[in-house]
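S.K.: sequence unknown, structure follows:
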């Protein structure tokens, strides 16, 4: 169970022991916060000794950085994939929101750590993650600005609009749980429609499937 | 400075010592998280002994509860005030969003503790806060549903729409800082317009002065 979940979350991380430690880290950080968690807690939850943890992650900060970096790389990849396969700003924004929202709902525990423990990262690692965040925000802002230039979006300030679009997705990680009324995919679709309206897309472009 | 800030944040809390402890608690919880903070840390930051803290708050959980409850009561009061003074659903939503967003921007450190440390509350205290949250969400949902019934809003699901509206406001606490491009008031106005569009309000009702 835990093994397949960690492989699903971090397919690129090897070996499985490292993934298992990342999963134990996510669970501990999400529950008690980064500062209240020790490497001993995490190693114990993964059924290992602290020494075995240090083989894979030299410090608690390195483990947080791995969780944070992979999470940001995954969401950046979602956004870049949409831009690669769609040219139209309306389609791009709809799919970006659908995928970004669904990711934050489906991976809400990981996403909470990714989004809310940033300030615990050491300065150099923080800068790596901050650059990934800037890239995500820049792409969304550019798609909105392109749509505004084409006359399909009406926005006073693409900067604020991009922030609001991403904000809606990020906050899903805070409130979403398995008890939510909607599946991650259905929620993504609903938010995609809300966002297109927010950006002033013409009504006829807002119809989904 | 600290004294006047704490009086501004919690005008109803007496004596000033209790407010000073709440402010030290907010700062410590926001920085390191609830679980990594001790009552000794908080008392020290407020220039008091742990024994002096216990005069006002019997436990760390009681201090978190005070911060959380006042924060929720303040945001509920904002929402209730708007509903008391405006009857029109469009005006109600615009003002609710303006005030709710501005509060989360202006009080972003308090708001982070209020919004992100809920799960640290003991069960009984959590239930008190959860009921305040349900009241806020219910009012917003009812205003949206009333607007939809009047034909001024077009929403597929008032439940999802209310969640999205509040989500935009809550997430401001995560990213807002004094370095933000907009004042809390200006951000609130911008978000008020975005939300009215999101709810499908007719263009002519969306104009702000």
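M.R.: Structure's in. What do you need? Since we're looking at a predicted model, the values are computed, not measured. Numbering: from 1, shown residues only, chains lettered A, B, ... in the order given.
S.K.: Break down chain A into its helices, ranges please.
M.R.: For chain A, applying DSSP state H gives helices covering A:2-9, A:16-32, A:39-45, A:50-56, A:60-85, A:89-106, A:108-116, A:123-150, A:158-175, A:184-198.
S.K.: Pull the contacting residues for the one residue sitting closest to the centre of chain A.
M.R.: With distances taken as CA atoms, centre = their mean, the residue of chain A nearest its centroid is residue A:75 (4.8 Å). Residues in contact with residue A:75 (CB atoms under 8 Å, 6 or more residues apart in numbering or on different chains) are A:100, A:103, A:136. Every C-beta, even on glycine, is put in place using the N, C-alpha and C of the backbone.
S.K.: just residue A:7 next, same as before
M.R.: Residue A:7 neighbours (CB under 8 Å, 6+ apart): A:16, A:19.
S.K.: ok, now how distant is it from chain B?
M.R.: Distance of residue A:7 to chain B, computed by CB to the nearest CB, to the nearest Å: 28 Å.
S.K.: and if you look at residue A:189?
M.R.: 10 Å.
S.K.: since we're on that residue, how many residues are nearby?
M.R.: Burial of residue A:189 is recorded as 20 neighbouring residues (other CB atoms under 10 Å in any protein chain shown).
S.K.: Within range of chain B, give me the residues from chain A.
M.R.: Taking CB under 8 Å from any CB of the partner chain as the contact definition, chain A meets chain B at A:31-36, A:115-116, A:119, A:156-157, A:159-161, A:163-164, A:167-168, A:170-172, A:174-175, A:181-182, A:187, A:190-191, A:193-195, A:197-200.
S.K.: doesn't residue B:33 make contact with residue A:33?
M.R.: Yes - at 3.1 Å, residue A:33 counts as touching residue B:33 under the criterion of CB atoms under 8 Å.
S.K.: If you drop the residues flanking it in sequence, what lies closest to residue A:195?
M.R.: residue A:97 (4.7 Å; CB to CB, 6 or more residues apart in numbering or on different chains).
S.K.: Next one: the one you found relative to chain B, how far apart?
M.R.: 11 Å.
S.K.: List the contacts of residue A:98.
M.R.: Contacts of residue A:98 (CB under 8 Å, 6+ apart): A:185, A:188-189, A:191-192.
S.K.: for these, which one is nearest residue B:51?
M.R.: residue A:191 (50.2 Å; CB to CB).
S.K.: How far does stretch A:105-124 stretch from one end to the other?
M.R.: 29 Å (CA to CA, to the nearest Å).
S.K.: average model confidence for that stretch?
M.R.: Stretch A:105-124 carries an average pLDDT of 95.
S.K.: Residue A:162 reaches residue A:146, doesn't it?
M.R.: No - Residue A:162 lies out of contact with residue A:146 (CB under 8 Å); the separation is 11.8 Å.
S.K.: about what we covered before: if any of the residues of chain A next to chain B are buried, give me the PyMOL selection for them.
M.R.: To isolate the buried ones among those in PyMOL, judged by 16 or more other CB atoms under 10 Å in any protein chain shown, type:
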select buried, chain A and resi 32+33+34+35+36+115+116+157+160+161+163+164+167+168+170+171+172+174+182+187+190+191+193+194+195+197+198+199+200
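S.K.: Find the nearest non-adjacent residue to residue A:197, please.
M.R.: Nearest to residue A:197 is residue B:198, by CB to CB, 6+ apart, at 5.2 Å.
S.K.: And for residue A:56?
M.R.: Leaving out its chain neighbours, residue A:56 is closest to residue A:18 (CB to CB, 6+ apart), at 4.3 Å.
S.K.: does the one you found really touch residue A:62, like I thought?
M.R.: No - Residue A:18 is beyond contact range of residue A:62, at 10.7 Å (criterion: CB under 8 Å).
S.K.: quick one: contacts for the residue nearest to residue A:197?
M.R.: Counted by CB under 8 Å, 6+ apart, residue B:198 has contacts A:194-195, A:197-198, B:161, B:164-165.
S.K.: Among these, which one lies nearest to residue A:24?
M.R.: Nearest to residue A:24 among the contacts of residue B:198, with distances taken as CB to CB, is residue B:164, at 33.0 Å.
S.K.: Can you name the residues that contact the closest one?
M.R.: A:168, A:191, A:194, B:198.
S.K.: domains of chain A?
M.R.: A:2-58, A:61-205 (automatic domain parsing).
S.K.: Least confident of those domains, on average?
M.R.: Minimum mean pLDDT among the domains of chain A: domain A:2-58, a mean of 92.
S.K.: and that one, how far out from the chain's middle?
M.R.: With CA atoms, centre = their mean, to the nearest Å as the basis, domain A:2-58 stands 19 Å off its chain's centre.
S.K.: same deal with stretch A:164-180?
M.R.: For stretch A:164-180 - counting by CA atoms, centre = their mean - the centre lies 10 Å from the chain centre.
S.K.: Could you do stretch A:162-172 as well?
M.R.: For stretch A:162-172, the distance to the chain centre is 10 Å (CA atoms, centre = their mean).
S.K.: Without its sequence neighbours, what residue ends up closest to residue A:106?
M.R.: residue A:184 (4.2 Å).
S.K.: pretty sure that neighbour is in contact with residue A:99, am I right?
M.R.: No - taking CB under 8 Å as the definition, residue A:184 is not a contact partner of residue A:99, at 9.9 Å.
S.K.: Okay, buried residues for stretch A:112-130 please.
M.R.: Buried residues in stretch A:112-130 (16+ other CB under 10 Å): A:112-118, A:120-121, A:125, A:129.
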